[in-house]
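Novice: Got a sequence here, can you build the structure:
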Amino acid sequence: MGNHSNVKVTIDVKGAERAIKKFKRLCESFGVLREYRLRKEYKKPSIRKKEKHEAAVKRVQKNERRMQRQSRSKKI
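Specialist: Down below sits the predicted model:
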């Protein structure tokens, strides 16, 4: 999170709309919005740990469902 990035976009003859789109893409690639959301409000470390664990459980369950679907489709 200590990664500071200066996002600069020059507006050329092609117009401001294109520059805005480029700015949004650059912000997304540098993770500016994600970092803003993380810093927006303070969360206790215990809550962060709990959320991280819940996300991991959800991800594992999703992968298990995906694997079950693939194995069923191969049997048919």
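
Novice: contacts and neighbour counts: CA atoms only from here.
Specialist: Fine.

Novice: Show me which helix runs longest in this structure.
Specialist: For the chain, the longest helix by residue count, based on DSSP state H, is helix 45-75.

Novice: what about Ser21, distance to Val57?
Specialist: Actually, residue 21 is Lys. It isn't Ser. Here the distance between Lys21 and Val57 works out to 35 Å (Cα to Cα, to the nearest Å).

Novice: Break this structure down into its domains, please.
Specialist: Domain ranges of the chain: 1-41, 42-76, per automatic domain parsing.

Novice: Could you dump those domains into a markdown table and include mean pLDDT and mean neighbour count?
Specialist: Below are those laid out as a markdown table (pLDDT from 0 to 100; neighbours: other Cα atoms under 10 Å):
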| stretch | mean pLDDT | mean neighbour count |
| --- | --- | --- |
| domain 1-41 | 81 | 12 |
| domain 42-76 | 91 | 11 |
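
Novice: Pull the contacting residues for the residue nearest in space to the middle of the chain.
Specialist: Geometric centre of the chain, nearest residue: Arg34, 6.4 Å, by Cα atoms, centre = their mean. The contact partners of Arg34, by Cα atoms under 8 Å, 6 or more residues apart in numbering, come to Glu28.
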